[in-house]
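Enquirer: One predicted model, sequence on top.
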Amino acid sequence: MKILLTGATGFLGQNLKPVLSEDYKVQGFQSSYWDLRRQKTCHQALDHFEPDVIVHAAGSVGGILANRDNPGKFMYENLIMGANLIEAARTKGVKKFILLGTVCAYPKHTPVPFKEEELWSGYPEETNAPYGIAKKTLMRLVEAYHEQYDFNGVNLVPVNMYGPYDHYNLTSSHVIPALILKVHKARNNGDTEIVLWGTGQASREFLYAPDCAEAIKLAIQKDVGPEPINIGTGKEIKICELIEAIADRMGFDGKIEYDTTKPDGQPRRCLDTTRAKERLGFEATTDLETGLNSTIEWFWKQTIKENA
């Protein structure tokens, strides 16, 4: 079986490719050559690779600051790439299409734990609403194609991810890599305090990227249909507790302050993972402590390598 993996050189893609390569022939491509924003290019790519399955992990993403500065770009690029690829997969007869959605698609005040039925019950949190709406629209497109064309699409909704191969940039990174980098810079500069956005009271659930890769592999193997499936751990942690855990592991003993003039983002994020257990047989196996240790170790090694 041949699998075409979009976003193969990205954070999730680099964690996913070795897991899928254990059982399948996995092909990835460079977005600099195959521009998924062009429908003709999507058709040409499928003619070239002739995949049996597509795993669409490519996207324009970032943290709160990146979402604030790029709402139009993130909404347009995620919408157009996904829609073009889904339509090309339909017309070329691809056997299965795995869409990676996002927890950002959930309404701002979704009852915790988030159940898949709540996806359409309200508007997403404002700072990342354009990105979340784009992904949610693509999930509905997969469902609509299933209804009209019997399109074999799968909608996975992963929570915030972290792990090796992540992108470390204070303006565009997700929560954990941004905090790791902030602590690293403060420690290296001899700073006595770190200032974080928000109150520190918002909570997040975090999924180790290699665990997410295992869930995607199960979605390829099983017949699950297009109904959204949450992929996560079902456990949340407050940002103030998370930064303390990271600072402790990285040897920073300064003060942690909060700029409450900046947004927290969504108040809480924690998924109900019952459907993933029932339909995929998936349960995350890496706890946050183990995952953080592994991620920080990977960051140290990369930092040493880059400075060598």
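Expert: Yes, it's here.
Enquirer: What is the helix or strand containing Glu297 packed up against?
Expert: Secondary-structure assignment from DSSP states H and E places Glu297 in helix 288-307. Contacts defined by 3 or more Cβ pairs under 8 Å, 6 or more residues apart in numbering; DSSP states H and E place helix 288-307 against strand 160-162, helix 175-189, strand 203-208, helix 239-250. All C-beta atoms are positioned from the backbone trio N, CA, C, and that covers glycine.
Enquirer: can you give me the helices in the protein?
Expert: Secondary structure of the chain (DSSP state H): helices at 11-21, 39-49, 64-69, 71-92, 129-149, 175-189, 209-221, 239-250, 274-275, 288-307.
Enquirer: Show me what the longest one is in contact with.
Expert: Counting contacts by Cβ atoms under 8 Å, 6 or more residues apart in numbering, the residues outside helix 71-92 that touch it are 6, 36-39, 41-43, 45-47, 54, 56, 58-62, 66-67, 97, 99, 129-131, 133-135, 137-138, 141-142, 145, 149, 151, 153.
Enquirer: How about the last one?
Expert: Outside helix 288-307, the residues that touch it by Cβ under 8 Å, 6+ apart are 162-166, 168, 176-177, 180-181, 184, 206, 208, 233, 235, 237, 245-246, 249-250, 286.
Enquirer: can you redo the helices of the chain as CSV with mean pLDDT, distance to Thr110 and mean neighbour count?
Expert: Converted to CSV, these look like this (pLDDT from 0 to 100; distance: least, Cβ to Cβ, whole Å; neighbours: other Cβ atoms under 10 Å):
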stretch, mean pLDDT, distance to Thr110, mean neighbour count
helix 11-21, 96, 23, 20
helix 39-49, 96, 33, 16
helix 64-69, 75, 18, 18
helix 71-92, 96, 20, 19
helix 129-149, 97, 11, 20
helix 175-189, 95, 18, 19
helix 209-221, 98, 20, 21
helix 239-250, 97, 18, 17
helix 274-275, 98, 15, 17
helix 288-307, 92, 21, 14
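Enquirer: Reformat the ones you listed as JSON lines; add distance to Lys2.
Expert: JSON lines is the format used below for the helices of the chain (distance: least, Cβ to Cβ, whole Å):
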{"stretch": "helix 11-21", "distance to Lys2": "11"}
{"stretch": "helix 39-49", "distance to Lys2": "7"}
{"stretch": "helix 64-69", "distance to Lys2": "33"}
{"stretch": "helix 71-92", "distance to Lys2": "13"}
{"stretch": "helix 129-149", "distance to Lys2": "21"}
{"stretch": "helix 175-189", "distance to Lys2": "32"}
{"stretch": "helix 209-221", "distance to Lys2": "12"}
{"stretch": "helix 239-250", "distance to Lys2": "39"}
{"stretch": "helix 274-275", "distance to Lys2": "28"}
{"stretch": "helix 288-307", "distance to Lys2": "30"}
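Enquirer: For Ser32, find the nearest of the ones you listed.
Expert: With Cβ to Cβ, the closest approach to Ser32 among those belongs to helix 39-49: 11.7 Å.
Enquirer: what residues does the closest one touch?
Expert: Counting by Cβ under 8 Å, 6+ apart, 2, 4, 27, 29, 34-36, 84-85, 87-89, 91-92, 94 sit against helix 39-49.
Enquirer: okay, among the residues you listed, which ones form the most distant pair?
Expert: Lys2 and Asp35 (21.6 Å).
Enquirer: Quick check: Val224 vs His146, distance?
Expert: Applying Cβ to Cβ, to the nearest Å, the value for Val224 to His146 is 11 Å.
Enquirer: now swap in Leu16 and tell me
Expert: 23 Å.
Enquirer: phi, psi of Asp150?
Expert: Dihedral pair for Asp150: phi 60, psi 40, per degrees, to the nearest 10.
Enquirer: quick one: it and Lys115, what's the gap?
Expert: Here Asp150 is placed at a distance of 27 Å from Lys115 (Cβ to Cβ).
Enquirer: So between the two, which is more surrounded?
Expert: Between Asp150 and Lys115, counted using other Cβ atoms under 10 Å, Lys115 has the larger neighbour count: 17 against 8.
Enquirer: That one touches Asp272, doesn't it?
Expert: Yes. Here Lys115 reaches Asp272: they are 4.7 Å apart, a contact under Cβ atoms under 8 Å.
Enquirer: wait, what's in contact with Thr273?
Expert: So Thr273 contacts 113, 230-234, 282-284 (Cβ under 8 Å, 6+ apart).
Enquirer: Now do the shared contacts for Lys115 and Asp272.
Expert: Contacts common to Lys115 and Asp272, judged by Cβ under 8 Å, 6+ apart, are Asn230.
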